[in-house]
Each structure stands twice: as C-alpha cells, then as structure tokens.
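>>> got a predicted model here, sequence first, then my questions.
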Amino acid sequence: MRPSSGVVSGSLTVTVVAVTLWMAPYITAHEAHFQMAPVSYAQMTNPYQGKPDAAAVGRKLYGQNCAQCHGANLQGIGPAPPLVSQDVKNAKPGALFWFISTGDVTSGMPSWSGLPKNQRWQIVTFLQAKTVSK
C-alpha cells in the first residue's frame with residue numbers, strides 16, 4: 001500500500017515549517033530592522049554626531065553592553081549581525097537610536113531603553129564614526 005500524497009506533503013509541510021521557525025531568529029537577525037523606524041525617530045538628529053569624545057565613550061559603552069553579541073570588533077557573533085556594514089554607517093542616526101532603544105525580540109535583540117538616552121546616542125555615534133579604532 002502506497003502512502004497517500006497528503007501524508008507525504010503533510011510531513012513535508014511540517015518539516016518546512018519547523019525548519020523555518022528554527023531558522024527565523026537567524027534570518028531576521030541579519031535584516032536591517034532599524035530601517036523600520038517610525039518617521040518621528042528616523043528624523044531625529046544625533047546630538048553627538050562628529051564628536052570624537054562621544055564616539056570614544058560610545059566605544060566603551062558598546063564594549064560593556066553590545067560586544068557580547070556583536071563582537072568586540074563589531075564582526076557579529078552567531079545570529080547577531082556584524083555592525084561594520086555600510087547599512088549601519090549610512091543609516092539615519094535616529095533609526096539606529098530607535099532600534100537600540102526598542103530592540104526586536106523576534107531577532108534576539110533586547111531593548112536597551114534602560115540605558116540613559118545620552119549613552120544610547122553615544123553608542124550610535126561610535127557605530128557611525130568614520131573609523132573604528134581599537
């Protein structure tokens with residue numbers, strides 16, 4: 001007796017759905033979620049933009065809060081995407097600020113709204129600095 005095509009396709013569907021759900025955090029973590037920032041955030045300007053001292057403080061804050069997932073050199077670890085991309089460098093500062101503030105639980109990015117506002121801006125300043133020195 002041959003299995004019905006419904007059983008085979010049902011098993012295949014379950015397998016595809018299971019793999020998709022298992023891979024979802026890895027797939028979505030590499031998408032640029034910060035590009036979905038509300039207009040009110042995307043239009044915000046970084047009060048520290050172009051200030052080397054703020055970028056230096058942002059580097060320290062990044063090391064304390066972000067490096068465990070995104071790597072000490074911003075290279076990304078596991079599902080956490082690298083942050084040295086042109087997408088991050090060219091993003092609207094307010095959009096990055098929004099994403100750091102709100103996070104995205106579906107991709108494993110926590111909300112960092114508990115960090116003071118000025119510290120979140122300093123991290124943005126570091127991420128968007130023209131050069132990232134060690």
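In hand now; what should we look at? Numbers count the residues shown, from 1 in each chain.

>>> residue 66: neighbouring residues, count only.
Residue 66 has 21 neighbours, counted by other Cβ atoms under 10 Å. Using the backbone N, CA and C atoms, a C-beta is placed for each residue, glycine as well.

>>> ok, now which ones touch it?
By Cβ atoms under 8 Å, 6 or more residues apart in numbering, the contact set of residue 66 is 83, 123.

>>> again, 10 Å this time
Residues in contact with residue 66 (Cβ atoms under 10 Å, 6 or more residues apart in numbering) are 58, 72, 74, 80, 83, 100, 109, 112, 123, 126, 127.

>>> report all helices and strands that the helix or strand containing residue 60 contacts.
Using DSSP states H and E, residue 60 maps to helix 52-65. Helices and strands touching helix 52-65, by 3 or more Cβ pairs under 10 Å, 6 or more residues apart in numbering; DSSP states H and E, are helix 67-70, helix 117-127.

>>> again, only this time at 8 Å
Applying 3 or more Cβ pairs under 8 Å, 6 or more residues apart in numbering; DSSP states H and E, one finds that helix 52-65 contacts helix 117-127.

>>> follow-up on the earlier one: top of the contacts of residue 66 by number of neighbours, please.
Using other Cβ under 10 Å as the neighbour criterion, residue 123 leads these with 27 neighbours.

>>> now do the contacts for the closest residue to that residue other than its chain neighbours.
Nearest residue to residue 123 in three dimensions, chain neighbours excluded: residue 58, at 4.7 Å (Cβ to Cβ, 6 or more residues apart in numbering). Residue 58 makes contact with 48, 119, 122, 123, 124, 125, 126, 127, 129, according to Cβ under 8 Å, 6+ apart.
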